[in-house]
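[1] Got a predicted model here, sequence first, then my questions.
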Amino acid sequence: MPFISRRQFKILAASAAIALAGLTGFAEQAAAADKIKVGALRFTSHSASFVAFERGYFKEQGLDVEFVFFQAAQPMAVAIASNDVDFGVTAISGGLINLAEKGAVKVIGGALHEEKGIDGQKILVSKAAFDAGVTHPSKLKGRSYGITQPGSSFHYMGHKIAQKEGFAGADIKFKPLHKVGAIIGALKSGQIDAWSIVPHIAKALVKSPAIHAIGDVADYIPDYQVTTVFTSAKNAAGNRDLVKRFLAAFSKGAADFNAALVDKSAGAKADEDMVRLVHKYVYTNRPFEKAAPSIRNGSMRINQGAKLNLKSVQDQLDWFKSEKLVSQAVTIDMLVDKSYVQIY
Amino acid sequence: MSDATIALTAPAEKPVRFRGGGFRTRPLGIISPIVFIVVIGFWELGSQSGLIGKLILPAPSEALQALLELIETGNLWKHLGASLQRLIVGWTAGTILGIGVGLAIALFSYVRAGAQPLVSAIFPIPKIALLPLFIIWFGIGEGSKIATILFGTFFPTVIATYGGVDNVDRTLIRMAQSFGVSWWSIVRKIIIPGAMPAILSGFRISIAIAIVLLVAAEMIGAEFGVGAYILLAGSLVATDQLIAGVAILSVFGLTVAWLIGKAESYLLRWRT
Amino acid sequence: MEIRLKGISHSYRDGGLKVLSDINLSIREGEIVCLIGPSGCGKSTLLRIIGGLELPSAGAVLQVGDPPPTSLNPLTYIFQDFALLPWRTVEGNISLALEDHPIGRKMRTEIIDGVLARTNLTEFRKAYPRQLSGGMKQRVAIARALSVNPAVMLMDEPLSALDSQIREILMADLVELWCRENFTAFYVTHNLAEAVRLGHRVAVLSRRPGKIREIIEIATPLNQRSADSPELGRHQQHLWELLRDEARAADLELANV
C-alpha cells in the first residue's frame, strides 16, 4: 500500500462498505459479517472457494472470508485442529483421520471427485520402466512407485491399483520421497518406475520423452472422493449455522466452476472468465496464456452441493486401518459429520 | 572526630570481606537427572490433569507407550539399525575426508588459497535444499542418504581441522625442525596431535549436525530409520510417536556426547 | 668441530630494520661462549642464524671440521620455553629427536636410558610435561638435546623462565655436566650472573643493530666459580658497565617506537 496509509485505507474501505451496503441492500448482513479463515492450496482443485469469494457468494452468506495459503494439505489439517483456520479442503490422509480421532476436525462435505469420462488422475511411468515393458498398470508388480509419504493419497492409489490388478499392495515398492518435486525428479531420472498424479501435472509431464502415461486412476477407484471439505469439530458441532452458510457459498462456487470448465455448459465466455478468475490464485507467476491450459487441464469435478461419497471415504478409512496407519478404533462417525450434505 | 577519641578507642578488628569465588563450575552429577525427572513429572501431571491438551502435547506416558510398541513389534531395531548404519558410514566418511582436506588446506598454501573460499561458499548451503539433486546424483537408495550426512559433516570437520592446525604452537614445529625431524613426522607427531583438541570439539558439532540431517536424509525413499519414523508420525499427526522418535534422537545425542567425552579423556589425557 | 661467524649482518624485510651488523665470532670446541645484550638487540636472531633456522642477509656461518660421526644432530637447540610436546611423556619427548634416525629401536632405548640417567630423570620417564615443574621440564629438554649427541648446543636463554632457586640449581647441574662431557655451547642470556658463571668467554652485543662491543675471557675453571667469588663479581661489574648505557638507550628506543 504505497500510496495510502493504513488509516486512510480503513476509512476508504469503511466508506466503500457503507456505499455498497446502501446499494445492494445487504446492510444488515454486511454489518454483521462473520470473519472466517479458509485454508487453501494454490491448486485448481480449490477453485470452488476462489469462485465463491470472487463472485461474492461468501458475502451473500454474511461471511467475511480471509484465505490462508498453504504449501501442503498436512499443515492445513493441523491449522484447523488448532483453530487457526476455520475451513479447508484436502485429501483424506492419515493425519486428518488421527486428528478426527482426537476430536479436533470433522469432514463435512465432498469436493474433488474422480469421474469416468472426465480427465482425472493419471498413472505415469518412467521411460526406462516403459521400455522394460511396464506399459499397463497390471505390470506394476514388483516395481517401485513414488509417494510423498506412507498414508498419503498416492500410497492409497497404488494399493488400489494393485488390488484391482490382482496382486498384493506389498508387491509394489513404495518409495516415500516427501516432496512432489523430488518424486518428479526421481521419475524423470528413472530412479522410480511409477507414480500417479492429478491431470494438470500429469499432462505437463508426459510431454517430456522421459515419462509415459499408462492408465487412469478413475478406472481403478470408481467414484474416488479425492478431497473433502472439513472444519474443526467445534465448528461442526456448535456453529451449525456458520458451517451451513459456508457450504452454501462453496456449493455455489463449485456449481459455477463445474458448469464453466468441467461440463462446459456455460459457453466460451464463461470458460474464459472462469480461467481468468482462477488464474488470480493459481499459477500467478505465469502469464495468463501459459497458465490457462494448465488450469483447464486440472479441472476435475467438484461435487455438486458438496455432496459426499461416503462409500469411498469408508473404503479409504478401511485401507488406512488395514495399513495400521490409524487406530482400529476410528469409526466413520468420528471422521464424518453426515448432517450437512447429501451422502451417497 | 578529635585526636582524643582516636587515642581512646582501639581500632576495631574485623575480617576482610571475601570477594573471590564464583565463575567456576563444579561437577554436580545428580542435578541433571533431577532436572529431567522434574520436567517430565510436571509434563505428565499437566497432561493427566488436562492442563496440557492432548493435541498440544501428548503425555510422556503416551510417548513411552509408543516406544514400547516399537520394541514389541521389533521395529525399533530395524529403525535404529538403518539409522545408525547411515550415521556411522556418512559421518565416518565425512570426517575422514574432512580431516584430509582440512590438513591439506592448513599445510599447503595453494590448497588454502583455492579451497578455503570454496568451503566458505558451500558450508552454509542447507543440504536439505540439495536433496532433489542428491536423488539424481546418488539415487534413492542408501547413496543419497549417506551423501546428505557426509556433506553435512564434511564442512565443519574441514573448518575445525584447519583451525586446529593453525593454532598449533609454532615453537614446537620450530623445535622439531631444529632436531631435523622430517616434514611427514612433524605432521604426524606434532600437527595432528596438536590439532586434536580442536578436531574433537569439531566432532561434537559434526555429530549433532549428522543427527539433525538424519531426518532430512530419510526423506529420500526410506522405509526404515528413526528419521523416517518421525516423518511418518508427523504426517499422521501421531504426536506420541513423534515425541518417542525425537526422544530416540536425543538419546543418540547424549550417547554420542558421552562417547566423545570418553574419546577426549583418552586422546587428550595429556591435558589435565 | 668449531663454528665461525663471518661478517653476519641481518635485516628484516629487505632493507628494513637492521638487527645485526657485521658479527665476527668463533666458538671453539669444548668451550661455552655466552652472548649478552639488551633486549631487542638480535641475540635470538643470531642464534637462529647459527643453527640454520634463518638465513642472514649478509655473511656466513662456517663449520670448521666435521662433527663426530656419532652426532645425530650437530647443531642442537635448547629453548627458553622448553618446547616439549605436551602429549608425549618424558621418554616420548626425547624419543621424538631420535625417531627419524635409522638407529633401531634397541639403540634408541639405550640412548634414552643413558640421557635420562645423566640428567637424573630416570624415575620420571613416564611423566607428562604438565606433571613437571619448570626446572624439570628444562632438564628434559637438556636430556633431549644430549640424546642426539650434539657437536654444538645452541641455548636460547634456557634458564630465563625459571625462578631464581631453580636457576641456581640448574646452573650447577650444567657446570657439572660440562665438567663431565666438555660440550661446546653458544649460550644466549640477558642475565649477567649466568654469563659469568657459565661462560669461558662472554661476548657483549650492543643495542640494535647488534654489534659485538667486547669479548671478555674468564680464566677461572667452571667448577671453581661460585656466586660470591670476587673475581666473578669484578667481571660482572665490568659487563654491567658495558651494558648499562646500551640497555638504557635501548629501553628509551623501544619506548619511542
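    Ah, there it is. Values in this document were obtained by computation on a predicted structure and should not be read as measured data.
[2] Am I right that A:Val89 sits in a strand?
    Yes: assigned with DSSP: H, G, I helix; E, B strand; the rest coil, A:Val89 falls within a strand.
[3] Would you agree it is in contact with A:Thr228?
    Yes: using C-beta atoms under 8 Å, A:Val89 makes contact with A:Thr228 at a distance of 7.2 Å. From N, CA and C alone the C-beta is placed, and that goes for glycine too.
[4] Common neighbours of these two, please.
    Residues touching both A:Val89 and A:Thr228 (C-beta atoms under 8 Å, 6 or more residues apart in numbering or on different chains): A:Ala111.
[5] Give me the three-state assignment for B:Gln124.
    Rather than Gln, residue B:124 is Pro. Classified using three-state DSSP, B:Pro124 is coil.
[6] ok, B:Gly100 - how many residues close by?
    If you count neighbours by other C-beta atoms under 10 Å in any protein chain shown, B:Gly100 ends up with 14.
[7] make that A:His136, sorry
    So A:His136, with other C-beta under 10 Å, has 12 neighbours.
[8] Give me every residue in chain A lying close to chain B.
    Residues of chain A found near chain B (C-beta under 8 Å from any C-beta of the partner chain) are A:74, A:77-78, A:81-82, A:93-95, A:98-99, A:102, A:104, A:148-152, A:175-179, A:181-182, A:185-186, A:189, A:191-192, A:325-326.
[9] In strands, which of those appear?
    Using DSSP state E, the subset of the residues of chain A next to chain B located in strands is A:Lys175, A:Pro176.
[10] what about A:Val330, which helix or strand?
    Assigned by DSSP states H and E, A:Val330 belongs to no helix or strand.
[11] Enumerate every residue touching it.
    The contact partners of A:Val330, by C-beta under 8 Å, 6+ apart, come to A:Ile97, A:Ala100, A:Glu101, A:Leu317, A:Lys321.
[12] and the two most separated of those?
    Every pair in these was compared (C-beta to C-beta); the two farthest apart turn out to be A:Ala100 and A:Lys321, at 13.1 Å.
[13] who has more neighbours, these two?
    Neighbour comparison, A:Ala100 and A:Lys321: the larger count goes to A:Ala100, with 28 against 15 (by other C-beta under 10 Å).
[14] for the stretch 51-200 of chain A, what spans make up the helices?
    A:57-60, A:73-81, A:94-101, A:127-131, A:153-165, A:180-188, A:199-205 (DSSP state H, counting those that start in this stretch).
[15] So which bits of the longest one are buried?
    Using 16 or more other C-beta atoms under 10 Å in any protein chain shown as the burial criterion, the residues of helix A:153-165 that qualify are A:Ser153, A:Phe154, A:His155, A:Tyr156, A:Met157, A:Gly158, A:His159, A:Lys160, A:Ile161, A:Ala162, A:Glu165.
[16] B:Ile136 is in contact with A:Gly185, correct?
    Yes: applying C-beta under 8 Å, one finds A:Gly185 in contact with B:Ile136, separated by 5.8 Å.
[17] Need the overlap of contacts for these two.
    A:Gln191.
[18] C:Leu96 versus C:Ser147, what's the distance?
    Distance, C:Ser147 to C:Leu96, using C-beta to C-beta, to the nearest Å: 10 Å.
[19] Looking at these two, which has the bigger crowd around it?
    Applying other C-beta under 10 Å to C:Ser147 and C:Leu96 shows that C:Ser147 carries more neighbours, namely 26 against 23.
[20] quick revisit: for the contacts of A:Val330, please prepare a markdown table with the additional fields pLDDT and distance to chain C.
    As requested, the contacts of A:Val330 are exported to a markdown table (pLDDT from 0 to 100; distance: C-beta to the nearest C-beta, whole Å):
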| residue | pLDDT | distance to chain C |
| --- | --- | --- |
| A:Ile97 | 90 | 60 |
| A:Ala100 | 90 | 62 |
| A:Glu101 | 88 | 60 |
| A:Leu317 | 93 | 65 |
| A:Lys321 | 91 | 62 |
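[21] Please identify which of the residues you listed is nearest to chain B.
    Distance to chain B across the contacts of A:Val330 (C-beta to the nearest C-beta) is lowest for A:Ile97, with 8.2 Å.
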